[in-house]
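Q: coordinates only, sequence not included:
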């Protein structure tokens, strides 16, 4: 079994494997091009984004700079928005539902390096998927660690470090991130929605 196969099945693999290095460099070259395209050339940017990512819904909007490891392990739903300095280390699948808003300086990390120093020095790591539901707002400077699921309709407070699953329909924040309270009908502003 190749190291890429091991990576994709959440087994320990060597991250410096030649095939994985070549695939990361391909993605980095595409990202270099993407991040150099003028923001006003949104169609051109989205075309390249669709080539880089595994799956892209309707109306994506990703600000520069954007960074990822491979791209093909990332899927985004409709109306996905990522602000500046979004980093997605997608050694395992990272999936986003519809209407996800990501603030600036947010990072999603799927890889865990080996705990043993010699194994870590040899390049061993294991990656776990990250899932984000629909209608989620992740505020600025949030870090999401491997294996986490964030439920639908959540708000994650700025600066949070998400180390465990977050259920749907809650406001959560902190280091480590914890549920603060549910989102209720009392949170509605009563705005006239123009849909």
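A: Alright, I've got the coordinates. Small disclaimer: the values here were computed from a predicted structure and weren't measured. Numbers count the residues shown, from 1 in each chain.
Q: Parallel or antiparallel, list what pairs with whichever helix or strand residue 179 is part of.
A: Using DSSP states H and E, residue 179 maps to strand 178-182. Using DSSP bridges, the strands paired with strand 178-182 are strand 170-173 (antiparallel).
Q: quick check, distance from the strand holding residue 179 to the centre of its chain.
A: 22 Å (C-alpha atoms, centre = their mean, to the nearest Å).
Q: Averaged pLDDT, it. What do you get?
A: Strand 178-182 shows a mean pLDDT of 97.
Q: quick one: buried residues of stretch 34-45?
A: Neighbour counts over stretch 34-45 (16 or more other C-beta atoms under 10 Å) mark 34, 37, 45 as buried. Placement of C-beta: from N, CA and C, glycine included.
Q: Inside helices: which ones of these?
A: Among the buried residues of stretch 34-45, the members found in helices (DSSP state H) are 34, 45.
Q: can you list the residues that contact stretch 160-173?
A: Residues from elsewhere that reach stretch 160-173 (C-beta atoms under 8 Å, 6 or more residues apart in numbering): 133, 139, 142-145, 148-159, 174-183.
Q: out of the residues you listed, which are inside strands?
A: 143-144, 149-150, 155-156, 178-182 (DSSP state E).
Q: Out of these, which comes closest to residue 4?
A: The shortest approach to residue 4 among these belongs to residue 144, at 23.2 Å (C-beta to C-beta).
Q: for that closest one, what are its contacts?
A: Per C-beta under 8 Å, 6+ apart, neighbours of residue 144: 106-109, 130, 138, 150, 162.
Q: can you list those in a markdown table and add distance to residue 87 and neighbour count?
A: As requested, the contacts of residue 144 are exported to a markdown table (distance: C-beta to C-beta, whole Å; neighbours: other C-beta atoms under 10 Å):
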| residue | distance to residue 87 | neighbour count |
| --- | --- | --- |
| 106 | 8 | 23 |
| 107 | 4 | 17 |
| 108 | 7 | 24 |
| 109 | 8 | 21 |
| 130 | 12 | 26 |
| 138 | 13 | 26 |
| 150 | 16 | 25 |
| 162 | 14 | 25 |
